[in-house]
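> quick one: sequence and predicted model below, then my questions.
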Number of protein chains: 2
Amino acid sequence: MTEPTHETAQELAPPPERARTITDLARIAGVSPGTVSRALAGKSLVNAKTRERIEALAREHGFRLNQMASRLRRQKTGVIGVAIPLGHDRRQHISDAFFMTLLGYLADELTERGYDLMLRRVIPDRDGDWLDRFVGSGMVDGVIVIGQSDQFERIEAAAARFLPMVVWGNHQEGQRHCVVGSALPTHLSPEHAADEIAAHLASDMAGIDGIFAASDMLAIACMTELQKRGIDVPGGMKLVGFDDLPIASQTRPALTTIRQDIAAGAARLADLLLRRMGGENTASVVLPPELVGRQTA
Amino acid sequence: MTEPTHETAQELAPPPERARTITDLARIAGVSPGTVSRALAGKSLVNAKTRERIEALAREHGFRLNQMASRLRRQKTGVIGVAIPLGHDRRQHISDAFFMTLLGYLADELTERGYDLMLRRVIPDRDGDWLDRFVGSGMVDGVIVIGQSDQFERIEAAAARFLPMVVWGNHQEGQRHCVVGSALPTHLSPEHAADEIAAHLASDMAGIDGIFAASDMLAIACMTELQKRGIDVPGGMKLVGFDDLPIASQTRPALTTIRQDIAAGAARLADLLLRRMGGENTASVVLPPELVGRQTA
DNA sequence: CTGAAAGCGCTAACAA
DNA sequence: TTGTTAGCGCTTTCAG
């Protein structure tokens, strides 16, 4: 550390008056608020010298633009809303591995393009107006809905009036809202599925020689259960997952699965949303699923 | 579906004029904007009849309050900022399983208490001012930083001036910023660690009878590598992970690990942050780690 | 190139 | 109980 001690620093340079608003800074610089605004926004029509001086003062006085005010005035927010409806299964937690992985990639994509993400977990049963409220909140320029849950109709309704929205989910014939997704139904929570799996396995396995799980996490739960019972995978029972989460290649035996290219999905979501925000009415995209053959089938 | 066709619906009830602002709605209702504001906010001093009428009109005309304006005026945002600095390891993706799991629990906690989350992924090398910009943006009432990365000093500096901030990370003697965490260094990305693990294992395993991995994901990568080489776990090599992610109990053999109670961690983060937002200067919290003995050690 | 002034949509005194 | 008014902090015409 090369900085002087606090005591010394304080003696040498008493901390400068803090400029909280653009008006504060304007007063300090002896110019008008308008000029400060233009200087900080890097507008061409402001004198280079003036700009530099204002920038220096801004640093010195720790000035940060109030984004709330700026965005209200400019009528754009620089924020993408991400809604995760938790409908048909109350117990399905937002921390579902698939959703969170998708969200991570989305954050990477959108941050790269200069947007922040506003995350909202919604329980539709409690708040029937969740989507319209979000979409009309004035807080977001566009909305991504992760998972349709049981809210298909509500999403359709919102899509009728609100263009900049894209949904991760399934496509149904003639639907209005723009989706990105593969061709299969959605996710269940592995913790709570474990019991049901156990029950099924206990009852009757005659005539079954393979399980196709609806998600990797579910497949892994199956595998554990099978191995507990001494059933060899894939010898005694074949097993195929769905998603190809990073974890799938790490299990023992490594999980054969249908890949959802989550990164690609996130990229498509981001791309489509930005185009819709630009006024384009984009079509839905079905990502081709791909079989990743490993050791369980 | 019980709704009539679009044509019929339109003939019967032409869609009402849309009320975009509180002033629109006031005009429609024949009252002043102030009254509408009070009615919609559920203030007691507005006539019940008037309130009901305004609420009905708001529904009918699809009115939603512009949160940007409301929040600017009220000087509170209802948003918690969550920053994830990606510093010392550029390749460490936001989609890191631990971070995303923590984020999921945080979202559950904070949404429950009426806050939205604003997620921002930051690369400190590219933007040295990231934390002050976030904290001073006027967009958030409080900030949670997930992981200190190599930004300890910058976080310290911000903490000197900004109270409502809590950090997930390690505690160091005499530090100023409030952390929640366990007692061990942070996470590496398993994908890229695999090669190094392989190299280490290839070179020299004499005298080593156990591996303590810095995260479960890393431990799982080790396990895969060990099993590839025909080394029995735990017979030939003991293995202990760190985190107790949901996946840890699903591996084969099940991973012995040090539990980070992520849900509890998220709850503490949320709790401390809200108290700081209320003006309290809270102390750091070290969560006691707990050994979860399974089959690998 | 810069200043003055008019709002973005909302809320909260203060009056009535 | 309601209307009027003055801003929240910023951007952007429009003048100069």
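Received, thanks.

> what segments of chain A are strands?
Secondary structure of chain A (DSSP state E): strands located at A:79-85, A:116-122, A:142-146, A:165-168, A:179-181, A:210-212, A:238-243, A:256-259, A:285-286, A:290-292.

> the third one near chain B anywhere?
No: Strand A:142-146 lies apart from chain B when judged by Cβ under 8 Å from any Cβ of the partner chain; the minimum separation is 11.8 Å. C-beta coordinates here come from the backbone N, C-alpha and C atoms, glycine included.

> likewise the fourth one?
No: counting by Cβ under 8 Å from any Cβ, chain B has no neighbours in strand A:165-168; the shortest distance is 14.8 Å.

> how about the nearest residue to the residue in the stretch 101-250 of chain A positioned nearest to DNA strand C, chain neighbours excluded?
Using Cβ to the nearest atom of the strand, residue A:138 is the residue of the stretch 101-250 of chain A that sits closest to DNA strand C, at 6.9 Å. Among residues not flanking residue A:138 along the chain, residue B:66 sits closest, at 3.8 Å (Cβ to Cβ, 6 or more residues apart in numbering or on different chains).

> re earlier: quick check: the residue of the stretch 101-250 of chain A closest to DNA strand C touching residue B:67?
Yes: Residue A:138 is in contact with residue B:67 according to Cβ atoms under 8 Å; the separation is 5.2 Å.

> and the two? Which one has more around it.
residue B:67 (22 against 19; other Cβ atoms under 10 Å in any protein chain shown).

> what sits against the more buried one?
Residues near residue B:67 by Cβ atoms under 8 Å, 6 or more residues apart in numbering or on different chains: A:137-139, B:78.

> neighbour-wise, which of those leads?
residue A:139 (25 neighbours).

> returning to what we had before: farthest pair within the contacts of residue B:67?
The largest separation in the contacts of residue B:67, counting by Cβ to Cβ, is between A:138 and B:78 at 12.8 Å.

> what about residue A:120, neighbour count?
Quick note: residue A:120 (other Cβ under 10 Å) scores 22 neighbours.

> tell me who's in contact with it.
Contacts of residue A:120 (Cβ under 8 Å, 6+ apart): A:81-84, A:134, B:111, B:116-117.

> give me the pLDDT for it.
Residue A:120 is assigned a pLDDT of 90 by the prediction.

> what's the pLDDT at the closest residue to residue A:211 other than its chain neighbours?
Nearest residue to residue A:211, sequence neighbours excluded (Cβ to Cβ, 6+ apart): residue A:239, at 5.2 Å. Residue A:239 carries a pLDDT value of 81.

> got the contact list for residue A:239?
A:210-211, A:213, A:219, A:222-223, A:226, A:233, A:255-256, A:296-297.

> rerun that using 6 Å as the cut-off
Shown here is residue A:239, whose contacts under the criterion Cβ atoms under 6 Å, 6 or more residues apart in numbering or on different chains are A:211, A:219, A:222, A:233, A:296.

> would you turn these into TSV with pLDDT and neighbour count?
Formatted as TSV, the contacts of residue A:239 follow (pLDDT from 0 to 100; neighbours: other Cβ atoms under 10 Å in any protein chain shown):
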residue	pLDDT	neighbour count
A:211	79	22
A:219	83	28
A:222	84	27
A:233	82	24
A:296	86	25
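
> gap between the two ends of stretch A:58-74?
The straight-line separation of the ends of stretch A:58-74 (Cα to Cα, to the nearest Å) is 21 Å.

> do stretch A:279-288 as well
Terminal-residue distance, stretch A:279-288 (Cα to Cα): 27 Å.

> surely residue A:297 meets residue A:255?
No: look at residue A:297 against residue A:255 with Cβ atoms under 6 Å: they stay out of range, at 8.8 Å.

> any idea how far residue A:286 is from residue A:294?
24 Å (Cβ to Cβ, to the nearest Å).

> any residue of stretch A:39-58 up close to chain B?
No: Stretch A:39-58 does not reach chain B (Cβ under 6 Å from any Cβ of the partner chain); its nearest approach is 11.0 Å.

> looking at that stretch now, give me its mean pLDDT.
pLDDT averaged over stretch A:39-58 gives 91.

> which residues touch it?
With Cβ under 6 Å, 6+ apart as the criterion, stretch A:39-58 contacts A:28-29, A:36, A:38.

> name the nearest of the residues you listed relative to DNA strand D.
Using Cβ to the nearest atom of the strand, those come closest to DNA strand D at residue A:38, 5.3 Å.

> quick check: residues of chain A near chain B?
Residues of chain A lying near chain B (Cβ under 6 Å from any Cβ): A:64, A:66-69, A:71-72, A:94-95, A:100-101, A:104-105, A:107-108, A:111, A:116-121, A:136-139, A:220, A:224, A:227, A:247, A:250, A:252.

> hmm, try it at 7 Å
Counting by Cβ under 7 Å from any Cβ of the partner chain, the residues of chain A close to chain B are A:64, A:66-69, A:71-72, A:77, A:93-95, A:100-101, A:103-105, A:107-108, A:111, A:116-121, A:132-133, A:136-139, A:220-221, A:224, A:227, A:247, A:250-252.

> related to what we said a few turns ago, between the contacts of residue A:120, which has the most around it?
residue A:82 (28 neighbours).

> before we move on, back to that, my read: the residue nearest to residue A:138 touches residue A:139, true?
No: Residue B:66 lies out of contact with residue A:139 (Cβ atoms under 7 Å); the separation is 8.6 Å.

> what sits against the residue most central in space within chain A?
Centroid check for chain A by Cα atoms, centre = their mean gives residue A:103 as the closest residue, at 3.1 Å. Contacts for residue A:103 (Cβ atoms under 7 Å, 6 or more residues apart in numbering or on different chains) come out as A:82, A:146, B:100.

> on that earlier part again, so which of the contacts of residue A:239 is the closest to residue A:159?
Here the nearest of these to residue A:159, counting by Cβ to Cβ, is residue A:219; it sits at 33.0 Å.

> from residue A:231, how far out is the closest one?
14 Å.

> by pLDDT, rank the contacts of residue A:103 and give me the bottom one.
When those are compared, residue B:100 shows the smallest pLDDT, 80.

> can you give me every residue that contacts it?
So residue B:100 contacts A:100-101, A:103-104 (Cβ under 7 Å, 6+ apart).

> how about the helices in chain A?
A:6-12, A:22-29, A:33-40, A:48-60, A:67-74, A:97-112, A:130-135, A:152-161, A:190-203, A:216-228, A:262-277 (DSSP state H).

> before we move on, the earlier item: which of residue A:297 and residue A:255 has more residues huddled nearby?
Counted by other Cβ under 10 Å, residue A:297 and residue A:255 do not tie: residue A:255 has more neighbours, with 29 against 20.

> quick check on that one: phi, psi?
phi -80, psi 120 (degrees, to the nearest 10).

> next one: residue A:32
phi -90, psi 160.

> quick check: it touching residue A:26?
Yes: at 5.7 Å, residue A:32 and residue A:26 qualify as touching, with contact defined as Cβ under 7 Å.

> among these two, which residue is more densely surrounded?
Each of residue A:32 and residue A:26 has its neighbours counted (other Cβ under 10 Å); residue A:26 has more, 20 against 13.

> residues contacting the residue lying closest to residue A:136 once chain neighbours are set aside?
Nearest residue to residue A:136 in three dimensions, chain neighbours excluded: residue B:64, at 3.3 Å (Cβ to Cβ, 6+ apart). Taking Cβ under 7 Å, 6+ apart, we find residue B:64 in contact with A:132-133, A:136-137.

> what subset of these is buried?
Neighbour-count burial (16 or more other Cβ atoms under 10 Å in any protein chain shown) applied to the contacts of residue B:64 gives A:132-133, A:136-137.

> for these, which one is nearest DNA strand D?
Of the buried ones among the contacts of residue B:64, the one sitting nearest to DNA strand D (Cβ to the nearest atom of the strand) turns out to be residue A:137, at 16.4 Å.
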